[in-house]
Every structure is written in C-alpha cells, then in structure tokens.
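1. Quick one, fold the following:
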Amino acid sequence: MRASSTCRAPGRHTARCEGRHGGTARGCCRSPPPRLPAAIASSWRTRRRISAIAFAIPARCARSARRPTTRRWSHAGSPKRRSSVTCTSGISRRRAPSCTRWAVASSTCPPARPSTSGHWPTGGVRRATWWPADPTRCRACCPSSTLARSVPRGLSLFSRAVELRGRWVLVTGAAKRVGRSIALELAGRGMNVVVHYHTSTEAAAATVHELEGLGVRACALAADLARAAEVERLAGEAESRSGGLAVLVNSASNYLRAPFERLTEAVWDASLDTNLKAPFLLAWHIGRAMRARGSGHIVNLADWAGERPYRDYLPYCVSKAGIIGLTRALAKELAPEVQVNAVAPGPVMPPEDMAAAEREAIARATPLRRLGKPEDVARCVRFLVEEASFSTGATFYVDGGRLIA
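-> Okay, here's the model as predicted:
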C-alpha cells in the first residue's frame with residue numbers, strides 16, 4: 001500500500017517525508033510504520049548518531065546551544081523549509097525536541113528566553129521567535145547584553161560622552177574653587193575649556209596649564225561680570241575662539257555679607273549684577289547661538305539658600321533664588337534645542353575667612369554631618385551635561401540634605 005502524500009500525524013511515514021529526508025524518516029516522523037523495517041533501522045541509527053554528537057560537543061552558552069532559524073515565507077502564505085535549524089546537535093528544535101533538551105542540559109547557561117526585539121529582517125525573512133535577537137550573548141552569564149539590547153543605538157549610555165569629546169565649554173569663575181573643579185571634571189571627559197576669571201591671573205594660568213596636561217585645549221579670558229559690556233565681549237570672544245560653544249556653565253558669583261541694618265544699594269547691585277544679571281546676559285548671547293546650531297547645554301549654579309534664605313546675606317540669597325527662576329524661564333525659551341538646568345550646592349567650600357567653630361556648626365546642622373567638596377558639585381554638572389538627556393528647567397541640590405534639615 002502506497003503511503004499518503006502528506007505527513008498528517010506523528011508516527012506516519014509518507015512519500016513527502018521520503019522526499020525531504022532522502023528516503024528515511026527523521027524529525028517529523030517520530031515512530032516509523034511497521035511496514036517499513038528498513039526505515040525503522042535507518043531512523044534509529046540516525047537518532048543514535050545525533051545523541052552521540054549532542055553529548056560529545058557541550059554547548060558553552062546559548063550562542064553555541066541554539067542558533068536562530070531563518071525561514072522564508074512565500075507570498076502565497078505556504079511555508080517553505082529553507083534549511084534545518086542548526087543547534088549544537090545539528091537538528092531542529094521543532095523536529096526533535098529531545099535533541100534541544102540534550103544541548104541545553106550540557107550547557108552552563110539556562111535556555112535563552114524569547115526575544116522582545118522589534119527589529120525584524122525585511123525581504124520576507126522572519127526570525128525565529130524563541131531565540132534572542134542577538135544569539136552571541138546569554139542573558140544569564142552576560143547580564144550586560146540585556147542592557148545593550150534594551151537601549152536603542154541612538155540613546156546608548158555613552159553616546160553623549162562621545163558627542164561632547166572635543167567640544168568647547170565656557171566655565172565662568174574657573175580659575176579656582178568650585179569653578180576650577182568643574183573645568184577639570186569636564187576636561188576629564190575630553191571637553192576643551194574656556195577659563196573665565198576676573199583678577200586671578202596667576203590662578204587662571206595654572207588652571208589652563210593643568211587642563212592642557214589632561215590632553216585638551218584651554219584658554220583664559222578675563223572679564224568683570226558686573227559690567228554688561230565686558231559680559232558681551234566675553235561671550236563673543238569665547239564663541240569665536242571655540243568655533244561655537246557646546247556648554248555654558250555659569251559658576252562665578254560673589255558672597256557678600258551685609259547685615260540688614262548696614263545693607264546699601266551698592267552691595268545690592270554688586271550681588272545682583274554678578275550673580276544674576278551676568279548669567280542672564282551670557283545665556284542670552286550664547287544660548288541664541290546654541291539654538292541656531294541646534295543643540296547646547298547651560299548649567300547655572302544656584303544655592304540651597306535660594307529656597308531657604310539665611311540672615312545677613314539678603315542680596316546673595318535673592319540672587320540665587322533668581323537663578324532658580326531664571327533657569328526655568330530659559331529652559332522654556334530655548335527648548336527644545338538647548339537644555340538649561342541648575343545645580344544648587346549646600347555647604348561646599350565655605351569662605352576662607354570663616355571661623356573653624358562656624359564651620360563645625362554648619363557640619364553639625366547638615367544631615368550628612370559633613371561639608372561638601374567641590375568635586376561633588378562638579379560631578380553633578382558633568383552628569384547634567386553628559387547623561388541627563390531628558391532634564392531641563394530642573395534644579396539639582398548637592399547640599400548634604402540642608403534643604404530638608
């Protein structure tokens with residue numbers, strides 16, 4: 001009796017199977033019919049060879065245990081087998097599940113999970129859905145592969161760092177203290193630095209020398225930020241020397257103590273002109289150029305005292321509160337091309353003339369029970385420039401918890 005032309009149930013050998021397997025029943029015919037003893041012998045010999053191969057070649061990882069099948073579908077909708085699935089044992093998972101179990105049992109990794117990738121080949125080729133999109137990694141022994149697949153190529157964690165390398169940043173007040181730490185932190189990421197200073201010529205030269213030692217380009221520009229004309233000149237010269245700034249960090253400020261009874265208009269103007277007006281003018285000149293180029297970052301240094309003012313520093317506290325509001329307003333004006341954020345330090349590097357007892361009292365009043373370091377602020381600035389791609393108009397507090405104390 002002639003066999004049917006299609007394989008309708010497991011255990012039935014058909015003419016189609018003979019054509020596909022070269023006269024022997026493999027894969028789709030689990031148990032050959034008793035009328036064909038030659039096929040029975042051939043099939044069992046084949047399975048014994050397969051099991052020997054599976055145990056002789058252990059699968060080191062999911063990439064050696066399983067390889068994705070590439071199947072081409074015809075336009076008529078009928079599947080056409082292109083080739084067998086090639087796992088370590090050399091047989092398809094669908095045709096012989098026992099083979100796949102052997103390969104996984106000899107592996108040091110658990111079975112690969114189904115892929116959730118939405119990237120599929122074109123041209124009628126479909127990827128098997130029970131293997132990962134990237135068969136060269138195993139999620140169990142290579143955890144980083146999961147992260148690599150979950151982040152789109154254009155938004156990788158390191159793409160912004162590469163993008164900023166070789167670009168220019170202007171840091172005001174970068175000759176010493178916190179501004180200097182910010183300049184060094186960004187230079188460590190490959191950014192060229194324009195060092196602004198007012199009167200600290202020697203300190204600025206030393207900072208430039210240290211920056212160049214990190215393998216980046218640097219230059220120093222002097223300007224009195226209390227004078228609008230010099231602020232405009234600083235912005236224009238920094239733009240021309242750099243060929244277009246990518247980042248502006250408004251770090252410079254004065255910290256004038258003025259008890260309310262002795263407060264004068266001159267002290268008020270000196271604080272507001274340097275601490276608030278100058279950052280606005282620099283952002284106004286440079287921010288428009290950044291927006292025209294299509295990208296840019298502006299980071300303003302505020303202070304936790306802008307939210308919780310303290311006595312005897314009224315002009316300073318008001319100016320820093322203004323920086324927080326300025327940051328939000330600029331973020332709206334310059335979006336979406338330019339991101340504008342603020343960093344609000346707490347007790348970080350207090351004035352040099354502050355008494356030791358006063359420093360200790362400040363540390364005790366801080367929830368973290370210590371004073372901050374300039375590097376703490378610099379790292380936050382670097383984060384905003386390098387990684388915070390979805391933040392604008394925000395203020396980040398680096399205050400040891402003083403705001404909530």
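
2. What lies in contact with the host helix or strand of Trp268?
-> Counting by DSSP states H and E, the element that carries Trp268 is helix 265-272. Contacts to helix 265-272, defined as Cβ atoms under 8 Å, 6 or more residues apart in numbering, come from residues 226, 254, 256, 258, 315-316, 318-319, 322. Glycine gets a C-beta too; all of them are placed from N, C-alpha and C.

3. rerun at 6 Å
-> 256, 258, 315-316, 319 (Cβ atoms under 6 Å, 6 or more residues apart in numbering).

4. For the residues you listed, work out which two are farthest apart.
-> The largest separation in the contacts of helix 265-272, counting by Cβ to Cβ, is between Ala258 and Ser319 at 12.2 Å.

5. Overlap in contacts, these two.
-> Common contacts of Ala258 and Ser319 (Cβ under 6 Å, 6+ apart): none found.

6. Could you check which of the two has the larger neighbour count?
-> Taking neighbours as other Cβ atoms under 10 Å, Ala258 and Ser319 compare with Ser319 leading, 27 against 18.

7. Name the nearest residue to that one, ignoring sequence neighbours.
-> Using Cβ to Cβ, 6 or more residues apart in numbering and skipping residues adjacent in sequence, the residue nearest Ser319 is Asn275, 3.6 Å away.

8. Checking the one you found next. Helix, strand or coil?
-> Using DSSP: H, G, I helix; E, B strand; the rest coil, the structure places Asn275 in helix.

9. and it, how many neighbours does it have?
-> 27.

10. elements contacting the top strand by length along the chain?
-> Determined from DSSP state E, the single longest strand within the chain is strand 338-345. Packed against strand 338-345 by the contact rule (3 or more Cβ pairs under 6 Å, 6 or more residues apart in numbering; DSSP states H and E) you find helix 278-293, strand 296-301, helix 314-334, helix 374-386, strand 395-398.

11. got these as JSON lines, with mean pLDDT columns?
-> Converted to JSON lines, those look like this (pLDDT from 0 to 100):
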{"stretch": "helix 278-293", "mean pLDDT": "98"}
{"stretch": "strand 296-301", "mean pLDDT": "98"}
{"stretch": "helix 314-334", "mean pLDDT": "98"}
{"stretch": "helix 374-386", "mean pLDDT": "97"}
{"stretch": "strand 395-398", "mean pLDDT": "98"}
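
12. about what we covered before: next, the angle helix 278-293 makes with the helix holding Trp268.
-> 30 degrees (axes from the mean of the first three to the mean of the last three Cα atoms, to 10 degrees).

13. if I look at the closest residue to Ala289 other than its chain neighbours, how far off is Arg288?
-> What sits nearest to Ala289 in space, not counting adjacent residues and going by Cβ to Cβ, 6+ apart, is Glu239, at 6.0 Å. Between Glu239 and Arg288 the distance is 11 Å, computed by Cβ to Cβ, to the nearest Å.

14. Same question for Leu282.
-> The gap separating Leu282 from Arg288 is 11 Å, by Cβ to Cβ.

15. Give me the more crowded residue out of these two.
-> Shown here are Leu282 and Arg288; by other Cβ under 10 Å, Leu282 has more neighbours (27 against 14).

16. Would you map out the domains in this protein?
-> Using automatic domain parsing, the domain parsing of the chain gives 15-141, 159-404.

17. what's the least confident stretch among those domains?
-> Note on the domains of the chain: domain 15-141 shows the lowest mean pLDDT, a mean of 45.

18. And the helices in this protein, which stretches?
-> 15-21, 37-56, 62-65, 97-105, 143-150, 159-164, 177-187, 201-213, 228-242, 265-272, 278-293, 314-334, 356-365, 374-386 (DSSP state H).

19. Pull out the buried positions in stretch 212-223.
-> 216-223 (16 or more other Cβ atoms under 10 Å).

20. again, but for stretch 298-314
-> In stretch 298-314, counting by 16+ other Cβ under 10 Å, buried: 298-307, 313-314.

21. Also stretch 281-299?
-> For stretch 281-299, by 16+ other Cβ under 10 Å, it's 281-283, 285-287, 289-291, 296-299.

22. Pull the most distant pair out of these.
-> Every pair of the buried residues of stretch 281-299 checked by Cβ to Cβ; the farthest is Leu281 and His297, at 17.7 Å.

23. now the buried residues of stretch 212-223 as TSV including distance to Glu375?
-> Listed next are those as TSV, based on distance: Cβ to Cβ, whole Å:
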residue	distance to Glu375
Val216	18
Arg217	23
Ala218	19
Cys219	23
Ala220	22
Leu221	24
Ala222	26
Ala223	26
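
24. out of those residues, which one sits closest to Arg328?
-> The closest of these, once distances to Arg328 are taken by Cβ to Cβ, is Ala223, at 26.1 Å.

25. any idea how far Ala218 is from His209?
-> His209 is 8 Å from Ala218, by Cβ to Cβ.

26. Provide a list of residues in contact with Ala220.
-> Here Ala220 is in contact with 195, 204, 208 (criterion: Cβ under 6 Å, 6+ apart).

27. got TSV for those residues, with distance to Ala356 and neighbour count too?
-> Shown next, in TSV, are the contacts of Ala220 (distance: Cβ to Cβ, whole Å; neighbours: other Cβ atoms under 10 Å):
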residue	distance to Ala356	neighbour count
Val195	31	27
Ala204	29	23
Val208	33	21
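
28. ok, so of those residues, who is nearest Cys380?
-> The closest of these to Cys380 turns out to be Val195 (Cβ to Cβ; 19.9 Å).

29. Could I get the CA-only coordinates of stretch 383-394 as CSV?
-> Output in CSV follows, covering the C-alpha atoms of stretch 383-394 (Å, rounded to 0.1, in the frame of the first residue of the first chain):
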residue,chain,number,x,y,z
PHE,A,383,26.0,64.4,34.8
LEU,A,384,23.7,67.2,33.5
VAL,A,385,25.9,67.8,30.5
GLU,A,386,26.7,64.2,29.7
GLU,A,387,23.8,62.0,30.7
ALA,A,388,20.7,63.9,31.6
SER,A,389,19.2,64.0,28.1
PHE,A,390,15.6,64.3,29.3
SER,A,391,16.0,67.0,32.0
THR,A,392,15.6,70.8,31.5
GLY,A,393,14.4,73.6,33.8
ALA,A,394,15.3,71.5,36.9
